[in-house]
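In: dropping the sequence and predicted coords here.
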Amino acid sequence: TAIWLSEYASKRSRIAPIVRSAIHNLAGVPSIVFGLFGLGFFVLFVGGTMDKVFYGDVARPIWGQPSILWASLTLAVLTLPTVIVTTEEALRTVPRDLRDASLALGATKFQTIFTVVLPNARGGILTGVILGVSRGMGEVAPIIFTGAANFLPELPDDLRDMFMHLGYHVFALATQSPNVDAAEPTLFGTVFVLLALTFTLNLVAIVIRSRARRALSPS
């Protein structure tokens, strides 16, 4: 979407402003709405349709139930507006002279985009990925409807399985624990692990972005 908006859509296009408006509106939608969308579309519609097509009448749904797959797709939709906006801005920062030079040497527009424009915009694109990962790590409302469970005795081993989530675990310990004082050490430990994972993932993404920019900078 970002490539089309930046490289292919003309300035007189009537569709591009509509797409941009839709993206900005999606960025402002509360996360719980994405959770209800994931439940209605991915779990009930897509998963339910797959059960009917592949398995017919089954007593227990196989695909039409909350799972890792549907929760992942819901979070992907949630973070998509952020990634699109930052990617489009990163593509626009690439100088026009680089595109013209590539086209003048005989490269097609497709080749120019994927061999010249995207590598030079890699740093900004990775910034969008960092922001998307940071938002996805802290969201609990969407996955409650689409895959997260309060407690599971075993680790999931299939995309159709439900899973436990640190954020949801914190919520459960803080609101549903029969003994709040006894649950405090586990609660604080879970929060610490969640923050440590978030900072670690962001640090890895920042290092990758820095190396990408260093590789493209002139020596």
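Out: Sure, I can see it.
In: only C-alpha atoms from now on, for both contacts and neighbour counts.
Out: OK.
In: strands along the protein, start to end?
Out: In the chain, no strands are defined using DSSP state E.
In: could you list the low-pLDDT ranges of the chain?
Out: 216-219 (pLDDT under 70).
In: any chance you could map the helices in it?
Out: Using DSSP state H, the helices of the chain run over 2-3, 15-27, 31-37, 48-55, 68-92, 96-104, 109-112, 118-120, 122-138, 141-146, 166-176, 180-216.
In: just want the angle from the second one to helix 68-92.
Out: Pointing back at helix 15-27 there. Using axes from the mean of the first three to the mean of the last three CA atoms, to 10 degrees, one finds that helix 15-27 and helix 68-92 are set 130 degrees apart in direction.
In: how many neighbours does residue 44 have?
Out: Using other CA atoms under 10 Å, residue 44 has 20 neighbouring residues.
In: and among the helices of the chain, the most buried is which?
Out: Burial of the helices of the chain is given as mean neighbour count (mean count of other CA atoms under 10 Å); helix 141-146 ranks first at a mean of 25.
In: distance of residue 79 from residue 55?
Out: 32 Å (CA to CA, to the nearest Å).
In: correction: residue 35
Out: Distance of residue 35 to residue 55, computed by CA to CA: 26 Å.
In: next one: residue 39
Out: 20 Å.
In: cool, and residue 11?
Out: Distance from residue 11 to residue 55, by CA to CA: 49 Å.
In: could you dump the helices of the chain into a markdown table and include distance to residue 158?
Out: Shown next, in a markdown table, are those (distance: least, CA to CA, whole Å):
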| stretch | distance to residue 158 |
| --- | --- |
| helix 2-3 | 32 |
| helix 15-27 | 30 |
| helix 31-37 | 21 |
| helix 48-55 | 16 |
| helix 68-92 | 8 |
| helix 96-104 | 45 |
| helix 109-112 | 37 |
| helix 118-120 | 34 |
| helix 122-138 | 21 |
| helix 141-146 | 15 |
| helix 166-176 | 19 |
| helix 180-216 | 23 |
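In: for residue 157, which of the ones you listed is the nearest?
Out: Minimum separation from residue 157 across those (CA to CA) falls at helix 68-92, 9.9 Å.
In: packing partners for that closest one?
Out: Counting contacts by 3 or more CA pairs under 8 Å, 6 or more residues apart in numbering; DSSP states H and E, helix 68-92 is packed against helix 2-3, helix 15-27, helix 31-37, helix 122-138, helix 141-146.
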